[in-house]
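# Let me see the structure of the following:
(2 chains)
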Protein chains: 2
Amino acid sequence: MYNIGIDLGGTNIAAAIVAENGTIIRKGSVPTKREREYPEIIKDMAMLALKLIEEENIKLDDIYSIGVGSPGTPNPQKGIIVYANNLNFNNVPIRDEIRKYIDKPVYIGNDANVAALGEFECGAGKVYKDFVAITLGTGVGSGVIIDGKIIDGSFNGASELGHMTINFDGILCKCGRKGCWEQYSSATALIRDAKNAAINNPKSKLNNLVNGDVNKMNAKIPFDAALEGDEVAVKVINEYIRCLAIGIVNVINIFQPEIIVLGGGVSAQGDNLIKPLKENIIKEVYGGEEAFKTKVEVAKLGNDAGIIGAAMLYKAYEK
Amino acid sequence: MYNIGIDLGGTNIAAAIVAENGTIIRKGSVPTKREREYPEIIKDMAMLALKLIEEENIKLDDIYSIGVGSPGTPNPQKGIIVYANNLNFNNVPIRDEIRKYIDKPVYIGNDANVAALGEFECGAGKVYKDFVAITLGTGVGSGVIIDGKIIDGSFNGASELGHMTINFDGILCKCGRKGCWEQYSSATALIRDAKNAAINNPKSKLNNLVNGDVNKMNAKIPFDAALEGDEVAVKVINEYIRCLAIGIVNVINIFQPEIIVLGGGVSAQGDNLIKPLKENIIKEVYGGEEAFKTKVEVAKLGNDAGIIGAAMLYKAYEK
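Okay, here's the model as predicted:
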């Protein structure tokens, strides 16, 4: 038996046929063209799934379920997305629309929670039961799984760890609060700070690495410049890691999970990130070094976490 | 059948015979005298329980279990307190010690989690399943119950919401971090700020209400002065409620529980606290007013939450 996982993004719809052990059998994507009405978008999701099935030369009977990770707040019981700002979705019946084309059980979930589920079932969280996934990307995304179950709140909107204030008079967030964690620990935040540091320090290697055009800044460059000993970059990275550690210590003090898994672009830094991060965490965690038993590791599935997690949604709902 | 609930505090040991519905049948207390060795302290806990049973003229056979809420980090499986700074406890075998005197099942839990369990089973949380209790006292204590189960972390030290940083360059906390929530929202923090405001503003009514001695400040006085229109007190209270709301919005963004219940001395203010608090929360919660579905209410059991919760511990472990 296989499951279909669909990751609905603002730019692309990615889908895959996924084996029960999480192996991707075949995957593909089409542009979301999010300015369209939802029936067209969801039709493309179903058509992509059917195309993969046909290409792989398997039967519909070999498919057990379809799972969809979507931005926004889902109502998993009803199979709808209650709202998703960036897709302009309001009470969109994803399940019913997909079932117009494919008569299979359809499960939906929030994209961050679904990606966490992917890592939990098939990636870095595989052998654990209390698990937090943090994605350091455009924002700070997150998914929390305790005792094997997704914490999605009483109203399906929980685990917005990126919108936990860590600095209450700090940088204004687009959510309206000040000092949200994602204003300090997203890739976007790192790029913003590296850009400003480059502009304010013309001699910094940061400027060489972007060939003099700060708009070419990405999340890798400040790490590279810091490794080359550029003091300005070292300062940017140290402050980035300090703030990341502050949020992670909050997460540990709140959940004390077995493992926290970091994904997203910044996590590609591996030990350059994890090692100093842990040194910062140990200094602050409640109960001190002795109480710091939570593992902090890099995610394993990369961008596939979303489609694999979507394919695994049936497990979360059949438990 | 009854259960015995024991609330082990730094100053007093409180205990009660509790009916299955949470009604206290008989209660009593003895001083902890925490400078003593643990076998003596725990012997007094058992003796107090036996004395209540005798006074109530019931039989040991009428007692189903004994529950103990203790400061510090428990290992509920082993029935020990791993460490509790303020009692100088290190791997103290509470279960085994109590069973030297009373041959009944003994359950132990962290005092904040146990008090939350009391409110959850028998107080303001009775009809809910996703529930967060926040105690505004000497510190900010907390207990989180999701889907009817205490979130105590993989290493029994979770739910330290009071040690979530909300202001990372802020006031130094005794845990070693800067800007912990309890530095802004505990009764201690409110008293500190009211004292300072009184000293800096000799004409404020705050000074009248303490009869000129700021060391008589308590958490009620700034609320009283604010109600009388004292501008200095209004400022103190507004800032206190602003910071309390910031932490609570974090809790909602993280857990989105059905209800958050506030206990501890400050919660005695009732609507004077809850009404402006909700106005502050609505402004900041993720997803805005529409997404703010979590109830925020005052706890119902007062100081009895600890002994009632302790008596209910068997439910948490037999589930």
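
# C-alpha only now, for contacts and for neighbours.
Will do.

# Name the residue closest to the centre of chain A, please.
Residue closest to the mean C-alpha point of chain A, counted by Cα atoms, centre = their mean, is A:Thr135 at 4.1 Å.

# Give me the helices and strands touching the helix or strand where that one lies, please.
Assigned by DSSP states H and E, A:Thr135 belongs to strand A:131-136. For strand A:131-136, the contact count by 3 or more Cα pairs under 8 Å, 6 or more residues apart in numbering or on different chains; DSSP states H and E identifies helix A:111-122, strand A:140-146, strand A:259-263 as packing neighbours.

# What mean pLDDT does the second one get?
In this model, strand A:140-146 carries a mean pLDDT of 94.

# Work out the sheet partners of it and label each with its direction, please.
The pairing partners recorded for strand A:140-146 under DSSP bridges are strand A:131-136 (antiparallel), strand A:149-150 (antiparallel).

# Give me the distance between it and the centre of its chain.
Strand A:140-146 has its C-alpha centroid displaced from the chain centroid by 8 Å (Cα atoms, centre = their mean, to the nearest Å).

# and the strands paired with strand A:140-146, which one is worst for confidence?
Among the strands paired with strand A:140-146, strand A:149-150 has the lowest mean pLDDT, at a mean of 92.

# can you list the residues that contact that strand?
Outside of strand A:149-150, the residues that reach it under the criterion Cα atoms under 8 Å, 6 or more residues apart in numbering or on different chains are A:Asn113, A:Leu117, A:Gly143, A:Val144, A:Ala316.

# Go through those residues and say which is closest to B:Cys122.
Sorting the contacts of strand A:149-150 by distance to B:Cys122 puts A:Val144 at the head of the list, at 28.1 Å, by Cα to Cα.

# If we ignore the residues flanking it in sequence, what's nearest that closest one?
The spatially closest residue to A:Val144, leaving aside those adjacent along the chain, is A:Val132, at 4.5 Å (Cα to Cα, 6 or more residues apart in numbering or on different chains).

# beta partners of that neighbour?
According to DSSP bridges, the partner residues bridging A:Val132 are A:Val144, A:Ile260.

# Quick check: it vs chain B, distance?
Computed as Cα to the nearest Cα, to the nearest Å, the A:Val132 to chain B distance reads 12 Å.

# Next: A:Thr32.
24 Å.

# hmm, back to that, centre of the chain to the strand holding A:Thr135, how far?
Offset of strand A:131-136 from its chain centre (Cα atoms, centre = their mean): 7 Å.

# Repeat that for stretch A:29-47.
Distance, stretch centre to chain centre, for stretch A:29-47: 21 Å (Cα atoms, centre = their mean).

# buried residues in stretch A:257-274?
Under the neighbour-count criterion of 16 or more other Cα atoms under 10 Å in any protein chain shown, stretch A:257-274 has A:257-268, A:273-274 buried.

# picking that back up, dump the residue contacts of the residue nearest to the centre of chain A.
For A:Thr135, the set of contacting residues under the criterion of Cα under 8 Å, 6+ apart consists of A:Gly141, A:Ser142, A:Leu262, A:Gly263, A:Gly264.

# Would you confirm that the last one contacts A:Asp304?
No. Contact between A:Gly264 and A:Asp304 fails when scored by Cα atoms under 8 Å: they sit 11.2 Å apart.

# in the stretch 51-200 of chain A, which spans are strands?
Along the stretch 51-200 of chain A, counting by DSSP state E, counting those that start in this stretch, strands occupy A:63-70, A:73-75, A:80-84, A:89-92, A:106-110, A:131-136, A:140-146, A:149-150.

# Now do stretch A:119-128: everything it contacts.
Against stretch A:119-128 from outside (Cα under 8 Å, 6+ apart): A:21-22, A:131, A:133, A:145, A:258-259, A:261, A:297-301, A:305, A:308-309, A:312.

# tell me the most buried of the strands paired with strand A:140-146?
Of all the strands paired with strand A:140-146, strand A:131-136 has the most neighbours on average by mean count of other Cα atoms under 10 Å in any protein chain shown, namely a mean of 28.

# can you give me the angle that strand makes with helix A:111-122?
Angle, strand A:131-136 to helix A:111-122, by axes from the mean of the first three to the mean of the last three Cα atoms, to 10 degrees: 130 degrees.

# Just the CA coordinates for strand A:131-136, please, in CSV.
Once side chains and other backbone atoms are set aside, the C-alpha atoms of strand A:131-136 remain, and they are given as CSV (Å, rounded to 0.1, in the frame of the first residue of the first chain):
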residue,chain,number,x,y,z
PHE,A,131,9.5,15.8,19.7
VAL,A,132,9.6,19.4,18.6
ALA,A,133,10.5,20.5,15.0
ILE,A,134,11.6,24.1,14.4
THR,A,135,12.0,25.3,10.8
LEU,A,136,14.3,28.3,10.3
